[in-house]
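1. here is a sequence together with a model predicted from it:
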Amino acid sequence: QVQLVESGGGLEQPGGSLTLSCAASGRTFSSYAMGWFRQAPGKEREFVAATGRYDIVKYYEDSVKGRFTISRDNAKNTVYLQMNSLKPEDTAVYYCAARVGISKNPSQYNYWGQGTQVTVSS
């Protein structure tokens, strides 16, 4: 069982930066691949980024490549999403999730955080 708690969301201007954090409970954090997903009002939850157990294999959704960076610190049981050059279309609730084995498919993730709101607006 893994419990996940996101933080770091907020209001940012276009072109700005935010860093999201996701803290995990339990002693087996390094056993899980971690993903970030987002859901905008009226839209389905979509994949943003994912990292494997050792932070070597990483996947990104095309619209965030070059702007967002996912990373993890297994010693701190935490995964991060550094978001640069933010755009209004990045506005959404951002969720972190965990599963055994890296995946872009949200339906394959077993554990989810409660989400953190990111709003990009001038």
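-> Now that the structure is in, tell me what you want to look at.
2. now stretch 7-22: how far from the chain's centre is it?
-> For stretch 7-22, the distance from its own C-alpha centre to the chain's C-alpha centre is 12 Å (CA atoms, centre = their mean, to the nearest Å).
3. now do stretch 14-24
-> Relative to its parent chain, stretch 14-24 has a centroid offset of 9 Å by CA atoms, centre = their mean.
4. how about stretch 113-120?
-> Put simply, stretch 113-120 sits 10 Å off its chain's centre (CA atoms, centre = their mean).
5. and it, what's its mean pLDDT?
-> For stretch 113-120, the mean pLDDT works out to 98.
6. kindly report the same for stretch 84-104.
-> Averaged across stretch 84-104, pLDDT comes to 98.
7. now the residue nearest the centre of the chain: closest residue in space, sequence neighbours ignored.
-> Nearest to the mean C-alpha position of the chain, by CA atoms, centre = their mean, lies Trp36 at 2.4 Å. Nearest non-adjacent residue to Trp36, counting by CB to CB, 6 or more residues apart in numbering: Val48, 4.3 Å away. The C-beta positions use only the backbone N, C-alpha and C, and glycine is treated the same way.
8. wait, that neighbour touches Asp62, no?
-> No. Val48 is not in contact with Asp62 according to CB atoms under 8 Å; the separation is 10.8 Å.
9. who has more neighbours out of the two?
-> The neighbour comparison of Val48 against Asp62 (other CB atoms under 10 Å) goes to Val48, with 25 against 6.
10. what's the pLDDT at the more buried one?
-> pLDDT for Val48: 98.
11. wait, what's in contact with it?
-> Val48 sits next to Gly35, Trp36, Phe37, Arg38, Tyr60, Glu61, Val64, Phe68, Leu81, Tyr94 when contact means CB atoms under 8 Å, 6 or more residues apart in numbering.
12. what about it, distance to Gly16?
-> Applying CB to CB, to the nearest Å, the value for Val48 to Gly16 is 17 Å.
13. for Val79, give me its contacts.
-> Ser21, Cys22, Ala24, Met34, Trp36, Thr51, Ile70, Ser71, Arg72, Asp73, Cys96.
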